[in-house]
Structure formats: C-alpha cells, structure tokens
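In: curious how this folds, go ahead:
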Amino acid sequence: MTALPALTEAKLGLVIDLDTCVGCHACVVSCKEWNTGGYGAPLGDRDAYGDTPEGAWLNRIHSYEISPENGPAEIVHFPKSCLHCDDAPCVTVCPTGASYKRSEDGIVLVDEDRCIGCGLCAWACPYGAREMDPVEKVMKKCTLCVDRIYNDNIPEEDRVPACVRTCPANARHFGDLADPESDVSQLVAARGGMDLMPALGTKPVNKYLPPRRKADRDSGTPHADRLPDAPGGFLGWLDATLDRLG
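Out: Below is the predicted model of the structure:
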C-alpha cells in the first residue's frame, strides 16, 4: 500500500466556475496538445482518424441538461480532471508506488517508469480521472502542468496549467488552496466553492463554483442564490450521475 504524505506545504489546484464555463472544449484541446508535446511520454492515440478512434485525454467536459421545477431547462457544462485529493485512493491502492502525492505542493502524479498498467488506480478513483494510454499501456492523469508552472524559461503569465491559460471564459483558476489569502481561496470563500462528492472522504483539492439559474443570472441575483446543493439540486444529481458513470 502506497503511503500519502502526512501534510503538504501547499495545495496547488484548480477552481472551476460552473456558472461561467461555456463548454467550448478549449481547455480539453490545449491540455491534449501541451501534454502530447511536452509531457514525459506523449498522450497516445490509436486509429485517430479511423472508425474506432481511441486516445488518452487528461481533461474532459460533460454537458448536462437540467430541468428546474420552476423555469425552463438549462445546460450546465461540467469539466472533469484529476482533483489531486488529500486522501487520494488512487495513491494508496497503487502496488508499485507509481502513483504518489508530492509533499511540497500536493500534486498527484504518476511515475510512468514504475507503472505496470494494472488499472487499480482507475478502479479506485471515484471521479473517473485516470486514463490508460492505449499506446504506452501506462496510466496518465492531469499533472497541473508541472512542466509549465515551475518553468522559468517561459513568460510568467504562462506559468499556469494549459487549461487555465487558454480558457476564453475565465472559468478556470489556479493557485494555492492552502493559503487563505490566495486569489483562489478568496474566490472559493466568496462564491461558496465546494468539493465534488464530499461524502466519499477523498478531500479533493480542486473546488467547483456552483452555477446559478439562468433567470437569476439575467436578473443580477448574487452568486449566493445558486442552484441548490441539496440531494434534489444540481450538485446532488451530478454526484449521483458521476457515481453511476464511475
């Protein structure tokens, strides 16, 4: 059983605004492009232009139609990638130690030289955030672009994950969620940011800012008057849906 660090000096992660995401998939494409060109092992594709394409993608967007009791149906776009959990089951289940969480910044990574492609981490991840590379036969996942965020050879404004840098709607934010004074922490506090499927106890670092009803948004209702997060609300429904998909 692979051990997790007792604590991390920082908790680098993403804050994703479900009220702002337009589902354009720019983050998905830029993630694929950056990691294929700059990652340790490119994200493999098989039969990319054929009848049965297969490939590894570290970031995906799911779109859902929701029907509030009072009001028209609405579309919510839900980006999904690794949440870099504090209590990451993908790490503790790994038999070789290939999956690990860094104590210096809390990022969960995969040592591809140690990965045997057993898939246990994918089974353990409740969010479906692990991808088996069809060519390399090792597990791939979001790295928060560690080859960008610490890279002194690129402009400072580019030292954020590729998905954050490319988002045209400014729906993705990056920073240290262990620092209460950081921009992302203040954003979470102001907008009621929340964990995905908190009942699982994985303590995800990434946070989601909940969407508002379209009618409230058009009328200028504050973000606090959002779609309810009770079991009957959007986030409760989303938890149940992702649980079935997982």
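
In: where does this structure dip in pLDDT?
Out: When residues are selected by pLDDT under 70, those of the chain lie in 1, 38-41, 213-246.

In: residues in contact with the spatially most central residue of the chain?
Out: The centroid of the chain falls nearest to Ser81 when counting by Cα atoms, centre = their mean (3.0 Å). Counting by Cβ atoms under 8 Å, 6 or more residues apart in numbering, Ser81 makes contact with 14, 31, 58-60, 129, 141-142, 163, 206. C-beta coordinates here come from the backbone N, C-alpha and C atoms, glycine included.

In: distance of it relative to Cys27?
Out: Distance, Ser81 to Cys27, by Cβ to Cβ, to the nearest Å: 9 Å.

In: need the residues touching each of these two.
Out: Joint contacts of Ser81 and Cys27 (Cβ under 8 Å, 6+ apart) are 59, 163.

In: now Glu156: phi and psi?
Out: Phi and psi for Glu156, reported as degrees, to the nearest 10, are phi -60, psi -40.

In: gap between Gly117 and Thr92?
Out: Relative to Thr92, and taking Cβ to Cβ, Gly117 is found at 18 Å.

In: checking the residue in the chain sticking out farthest from the centre next. Helix, strand or coil?
Out: The outermost residue of the chain, judged against the average C-alpha position, is Asn70 (30.8 Å), by Cα atoms, centre = their mean. Following DSSP: H, G, I helix; E, B strand; the rest coil, the label given to Asn70 is coil.

In: same check, this time on Gln186
Out: Following three-state DSSP, the label given to Gln186 is helix.

In: can you pull the contacts of it?
Out: Taking Cβ under 8 Å, 6+ apart, one finds Pro180 in contact with Gln186.

In: where's Leu14, which helix or strand?
Out: Leu14 is part of strand 12-17, with elements assigned from DSSP states H and E.

In: tell me how far that strand lies from the chain's centre.
Out: Here strand 12-17 is found 8 Å from its chain centre; the criterion is Cα atoms, centre = their mean, to the nearest Å.

In: downstream neighbour of it in the secondary structure list?
Out: Following strand 12-17 in sequence order, the next helix or strand is helix 26-38 (DSSP H and E).

In: give the pairing partners of whatever helix or strand comes next after that following helix; include direction for each.
Out: Sequence order places strand 45-46 as the next helix or strand after helix 26-38, per DSSP H and E. Sheet pairing of strand 45-46 (DSSP bridges) gives strand 54-55 (antiparallel).
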